[in-house]
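Novice: Build me a structure from this.
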Amino acid sequence: MSRTQQPWPPVDTEPPKAHPDAPAPGTDLPQHYARCFGCGDQQEDGLHLRAQVGDGHTIRSRFTVTEAHQGAPGLAHGGLLACAFDEALGTTVGNLLRKPAVTGKLETDFLRPVPVGTTLVIDAHLDGIAGRKVYVSAEGRMDTDDGPVAVRARALFVLVDLSHFVNHGRPEDLQAVAQDPKLLGRLPVEVNP
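Specialist: Numbers count the residues shown, from 1 in each chain. Have a look, this model is predicted:
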């Protein structure tokens, strides 16, 4: 196995173009689903990740590591940090492209431990698009916008049709959303592209 950093994106891509209705820089983004572990308010021990649109093709997300997020005593669980990056990267794809997408591959590099109480500031960026494949990357800094980098990640997301979620989601959850549409934030995707 090579320890040499592979080029990113790993294939030729088109430069990303934000959707004309993508939120403007400075916009605070709502949760996309109230029961989402990453951003939802109805997940008591969730990440409660909050995001704001940045310049270019970037979204800045923040979450604070709580006691419920521990792996080793006093430190964030590595899988939970990967979850936070998955959420931040997916938020970037969904809000800037306004098309539904799912994670195809997620790579994380853990550079330093992240203690309980730390606020991780994650800057995620659209890197390129190749057909249905969307390449994104992110860097997470500890406590401040210019704090030490703790985690880096990059991911491949695959654009899907909304029927993907209807066909694979649990019927009781889909019914709950149908009965209470406020469980969803504003729709971050084109419903009829």
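Novice: Tell me how many other residues crowd A68.
Specialist: 12 (other CB atoms under 10 Å). Quick note: C-beta positions are derived from backbone N, CA and C, even for glycine.
Novice: what does P25 give?
Specialist: P25 has 12 neighbours, counted by other CB under 10 Å.
Novice: Do I have it right that it meets R60?
Specialist: No: with contacts counted by CB atoms under 8 Å, P25 stays clear of R60, the gap being 10.2 Å.
Novice: which residues do the two both contact?
Specialist: Common neighbours of P25 and R60, counting by CB atoms under 8 Å, 6 or more residues apart in numbering, are G54.
Novice: Would you agree R62 falls within a strand?
Specialist: Yes: R62: assigned to a strand according to DSSP: H, G, I helix; E, B strand; the rest coil.
Novice: ok now do it, which residues does it touch?
Specialist: R62 touches L49, R50, A51, T119, L120, V121, I122, counting by CB under 8 Å, 6+ apart.
Novice: now those in a markdown table, with pLDDT, neighbour count and distance to T92?
Specialist: What follows is those, written out as a markdown table (pLDDT from 0 to 100; neighbours: other CB atoms under 10 Å; distance: CB to CB, whole Å):
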| residue | pLDDT | neighbour count | distance to T92 |
| --- | --- | --- | --- |
| L49 | 97 | 24 | 12 |
| R50 | 97 | 16 | 14 |
| A51 | 97 | 26 | 8 |
| T119 | 98 | 14 | 19 |
| L120 | 98 | 24 | 15 |
| V121 | 98 | 21 | 14 |
| I122 | 98 | 27 | 9 |
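Novice: Can you flag which of these belong to strands?
Specialist: Members of the contacts of R62 lying in strands (criterion: DSSP state E): R50, A51, T119, L120, V121, I122.
Novice: Check these and tell me the two furthest apart.
Specialist: Across the ones in strands among the contacts of R62, the longest distance by CB to CB is 13.4 Å; it joins A51 and T119.
Novice: of the ones in strands among the contacts of R62, closest to T91?
Specialist: Using CB to CB, A51 is the member of these that lies nearest T91, at 5.0 Å.
Novice: Can you give me the buried ones in the top helix by length along the chain?
Specialist: Criterion DSSP state H: the longest helix present in the chain is helix 78-97. Using 16 or more other CB atoms under 10 Å as the test for burial, helix 78-97 gives 80-97.
Novice: And stretch 35-44, by the same measure?
Specialist: For stretch 35-44, burial by neighbour count (16+ other CB under 10 Å) applies to R35, C36, F37, G38, C39, G40, Q43.
Novice: One more: stretch 67-76?
Specialist: Neighbour counts over stretch 67-76 (16+ other CB under 10 Å) mark H69, L75, A76 as buried.
Novice: what are the ranges of the helices in this structure?
Specialist: Remark: helices assigned in the chain by DSSP H are 78-97, 163-168, 171-179.
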